[in-house]
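Participant: Requesting a structural model of the entry that follows:
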Amino acid sequence: MTLWLEIKRRAWPVVGQGLAAATVAYFGFHMVTGERGLQSYLRITGELEEARALAGELTAERRALERRVSALRRDALDLDLLEERARAMINLGREEEVVIFYDRPAAGERPLSGRN
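Facilitator: From the prediction side, this is the model:
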């Protein structure tokens, strides 16, 4: 009977330390891998940076489109430029106009200059 009492007396501090170690391990594991843990934080931070980059690109594209639209307002509209762009886009010309077609040089080629 004294052996059993000696085991109980020495086991309680070990059990307490074991429970404390298990609790620390449990919370430490979930602090790293949990839903709001370190790994999730790093993943969400990366997604946030991608979203900010996309927002910057879309903002720049929107500003460019706004500039193009502002050029079409009646007070800022150049009718000659508008007519020229419309003709180029629909490939249309008047009867009295002369259209000269030329080939653009391919990448890396030098244009013909007429001089030797």
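
Participant: residue ranges of the helices in this protein, please?
Facilitator: 2-33, 38-70, 79-90 (DSSP state H).

Participant: May I see the buried residues of the first one?
Facilitator: I take that to be helix 2-33. By 16 or more other CB atoms under 10 Å, helix 2-33 has no buried positions at all. For glycine as for every other residue, the C-beta is placed from the backbone atoms N, C-alpha and C.

Participant: Next, the angle helix 38-70 makes with that helix.
Facilitator: 10 degrees (axes from the mean of the first three to the mean of the last three CA atoms, to 10 degrees).

Participant: Which elements pack onto helix 2-33?
Facilitator: helix 38-70 (3 or more CB pairs under 8 Å, 6 or more residues apart in numbering; DSSP states H and E).

Participant: what pLDDT, on average, does the helix it packs on get?
Facilitator: Helix 38-70 shows an average pLDDT of 94 in the prediction.

Participant: Quick check: which helices or strands does that helix pack against?
Facilitator: Counting by 3+ CB pairs under 8 Å, 6+ apart, helix 38-70 packs on helix 2-33.

Participant: From the chain's centroid, how far away is the helix it packs on?
Facilitator: 48 Å (CA atoms, centre = their mean, to the nearest Å).

Participant: Then stretch 76-89?
Facilitator: The answer for stretch 76-89 is 35 Å, by CA atoms, centre = their mean.

Participant: Which residues outside it are in contact with it?
Facilitator: 70-71, 92-93 (CB atoms under 8 Å, 6 or more residues apart in numbering).

Participant: circling back to that earlier point, please convert the helices of the chain to JSON lines, extending it with distance to residue 102.
Facilitator: Formatted as JSON lines, the helices of the chain follow (distance: least, CB to CB, whole Å):
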{"stretch": "helix 2-33", "distance to residue 102": "65"}
{"stretch": "helix 38-70", "distance to residue 102": "28"}
{"stretch": "helix 79-90", "distance to residue 102": "14"}
